[in-house]
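Trainee: Using only what follows, build the 3D model:
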Amino acid sequence: MEAVRWYRMAAEKGNDDAMYRLAAMYNNGSGVHIDFAEGSRWNHRAADKGNKDAMFNLGSQYLMGEGVAKSNEEAYFWFNLSAAASSSSDGLFANMRDIAADKLSPDELQQIQRRCEDWVRAHPKIH
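Mentor: Residues are numbered from 1 along each chain as shown. Take a look at the predicted model:
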């Protein structure tokens, strides 16, 4: 599919939106065979650049164990970052963060929240 080629070219040049869209194509089988591992790889790259939608999708992948090892901790981490990066009107991001939070102990939540704070400090231009 032509779109895959163009998104890949833009993604390889560092475009986080193209990375996110390429990840979605792998996760949905649009123009390529479904490959959750490849989708998570592109979501990670886009999320590391601050793409809130990739962060959200990565949280979903960790929650479901699609392409990554299932992890409520990692799901919460990425959902929390996506909620912080999204507008207050986007309740879905916060709702998913809260669903993941319900699966964690208070100590785990505190530890992950510190990790989120560290991530935000390490990415000052994003938040």
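Trainee: list the helices and strands the lowest-mean-pLDDT helix or strand in the chain packs on?
Mentor: When the helices and strands of the chain are scored by mean pLDDT, DSSP states H and E, helix 91-101 comes last with a mean of 92. Where contact means 3 or more C-beta pairs under 8 Å, 6 or more residues apart in numbering; DSSP states H and E, helix 91-101 is packed against helix 52-64, helix 72-85. Quick note: C-beta positions are derived from backbone N, CA and C, even for glycine.
Trainee: any chance of those helices in CSV, with mean neighbour count, mean pLDDT and distance to K13 too?
Mentor: As requested, the helices and strands packed on helix 91-101 are exported to CSV (neighbours: other C-beta atoms under 10 Å; pLDDT from 0 to 100; distance: least, C-beta to C-beta, whole Å):
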stretch, mean neighbour count, mean pLDDT, distance to K13
helix 52-64, 23, 96, 16
helix 72-85, 23, 95, 22
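Trainee: nearest to M9, of the ones you listed?
Mentor: helix 52-64 (17.9 Å; C-beta to C-beta).
Trainee: packing partners for that closest one?
Mentor: helix 16-28, helix 36-48, helix 72-85, helix 91-101.
Trainee: Indicate which one of the ones you listed is closest to E108.
Mentor: The closest of the helices and strands packed on helix 52-64 to E108 is helix 72-85. By C-beta to C-beta, the value is 6.2 Å.
Trainee: check contacts around the residue most central in space within the chain.
Mentor: Nearest to the geometric centre of the chain sits M55, at 2.2 Å (C-alpha atoms, centre = their mean). Shown in contact with M55 (C-beta atoms under 8 Å, 6 or more residues apart in numbering): 47, 78-79, 81-82, 85.
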